[in-house]
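[1] dropping the sequence and predicted coords here.
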Amino acid sequence: MDLSLTEEQRAFQQVARDFLDKEVVPHRTEWDRRESVDTAIIPRMGEIGFFGLTIPEEYGGLGGDHVSYCLGMEELGRADSAVRGIVSVSSGLFGKIVLAHGTEEQKQQWLPGIANGTKLGCFALTEPDNGSDAANLKTRARRGGSSPGADWVIDGAKIFITNGTWADVAVVFARTGSEGPRGVSAFLVPTDTPGLERTEIKGKLGLRGQATASLTFSSMRLPASAIVGEEGQGFRIAMQSLDKGRVSVAAGCTGIVRACLEEVVSYATERTQFGKPIAGFQLVQDMIADISVDADAARLLTWRAADLIDRGEPFGTAASKAKLFASEAAVRAANLAIQVFGGYGYVDEYPVQKLMRDARVMTLYEGTSQIQKLLIGRAETGISAFG
Ligand SMILES: Cc1cc2nc3c(=O)[nH]c(=O)nc-3n(C[C@H](O)[C@H](O)[C@H](O)COP(=O)(O)OP(=O)(O)OC[C@H]3O[C@@H](n4cnc5c(N)ncnc54)[C@H](O)[C@@H]3O)c2cc1C
């Protein structure tokens, strides 16, 4: 077993860290306060390779491996989770669907822009009445005519869509057939399509710098060629994409835990009480040790899942375990970090308050912690709790 990184992986990690320390870290508090990152950062991240890392070279990407992708996501999570989500959703959830299931024309149309960050994608699965129970989604796609090649007409609504108001294109999951998972299909929808409306959701607890939106579709017409993958395969496509997305979330959460560790070590060695640095108190070291162990454990689970993807082996359960552990660890670590900072941890002049708010959503999206446990339980027992 070799857990060491290649020279190439180390080089990418360093470039990513240097870029983010210079271009993101100094601005993140301001972006968080005004509820928007400076979107000029998006194509700049494209130049560094964050978006194109695992997209093949023939579509403008770097053709890299998933362990490298996780290194990038960890650095992004350490710097600013709001920025990490923009990349994860566009190149991960959206880009990987086009790559795995798109026609050659769809790949040529969308992947080069996604890879260099000049185009953004989003992933529209969740609906106001269907979150965890996504197979029950209600957005409806009907044929506009009687022939199989006729246009599609889509009506419905989506909620909590990351990149929603910024994206150039969305993958939208809609019901084309019977109730349940086999009646769902996936469509590629340019966001200037008539009948599509986007409304930004303000007032989020965390990830305030990224755009989260509601989408509504009113008699939105799409050509027959908009479908991605086979008709009726949409739910399977969404779940496969989320399996990989969970590895990316886990890597981002590892970054949050690492940021907490760096912040508490630095603060606790400088802050003095009772005439000595608080790092010298055993009860403070207890908190620091817990964060340190969580950082390592989250990273190891994440790398295992990424390595399985790179080897072409089944990775779904490993991805659920990594996402479950790392997201819960991120919340734990951020909570402890505020404890170490005392009252200073409660104000946004110090970074740990934002880490706490950003970490909180990680146990909710891309499958809640309860859903990850049901997936792991199903893998262990062979019995599905989903009916
Ligand atoms: C900031 C943000 C960004 C997001 N980005 C996207 C995006 O880009 N695209 C997208 O499609 N969605 C996105 N989401 C939606 C997210 O994936 C959902 O919020 C999540 O899947 C949970 O769905 P829900 O909110 O409807 O909660 P519900 O499904 O209503 O769950 C509520 C509670 O019930 C529990 N629960 C539900 N079912 C079960 C069960 N069978 N057993 C045990 N417990 C259960 C859940 O674990 C949870 O604790 C985003 C959400 C947020 C907050």
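    Great, that's in hand.
[2] tell me the pLDDT of Tyr147.
    Just so we're on the same page, residue 147 is Ser rather than Tyr. As predicted, Ser147 sits at a pLDDT of 75.
[3] actually, Gly156.
    pLDDT at Gly156 comes out at 98.
[4] pop out the phi and psi values for Ser146.
    Here is the backbone geometry of Ser146 (degrees, to the nearest 10): phi -90, psi -20.
[5] what residue of this structure is the furthest out?
    Distance from the C-alpha centroid of the chain, by CA atoms, centre = their mean, peaks at Gly275 (43.8 Å).
[6] gap between that one and Gln282?
    Plainly put, Gly275 is 16 Å away from Gln282 if you go by CB to CB, to the nearest Å. C-beta coordinates here come from the backbone N, C-alpha and C atoms, glycine included.
[7] likewise Glu23?
    Noted for Glu23: a distance of 39 Å to Gln282, by CB to CB.
[8] and those two? which has more neighbours close in?
    Neighbour totals were compared for Glu23 and Gln282, and Glu23 leads with 17 against 7 (other CB atoms under 10 Å).
[9] quick one: pLDDT of the more buried one?
    97.
[10] name the next helix or strand following the longest helix seen in the chain along the chain.
    As assigned by DSSP state H, the longest helix anywhere in the chain is helix 234-270. With elements assigned by DSSP states H and E, the helix or strand that comes after helix 234-270 is strand 272-273.
[11] just how off-centre is that following strand within its chain?
    A distance of 39 Å separates the centroid of the chain from that of strand 272-273, by CA atoms, centre = their mean, to the nearest Å.
[12] surely Arg143 meets Ile154?
    No. Arg143 is beyond contact range of Ile154, at 11.1 Å (criterion: CB atoms under 8 Å).
[13] the more surrounded of those two?
    Neighbours were counted for Arg143 and for Ile154 using other CB under 10 Å; Ile154 has more, 24 against 14.
[14] residues contacting that one?
    139-142, 172, 174, 187, 189, 195, 217, 219-222 (CB atoms under 8 Å, 6 or more residues apart in numbering).
[15] how about the secondary structure of the closest residue to Thr39 other than its chain neighbours?
    What sits nearest to Thr39 in space, not counting adjacent residues and going by CB to CB, 6 or more residues apart in numbering, is Trp166, at 6.7 Å. In three-state terms, and counting by DSSP: H, G, I helix; E, B strand; the rest coil, Trp166 is coil.
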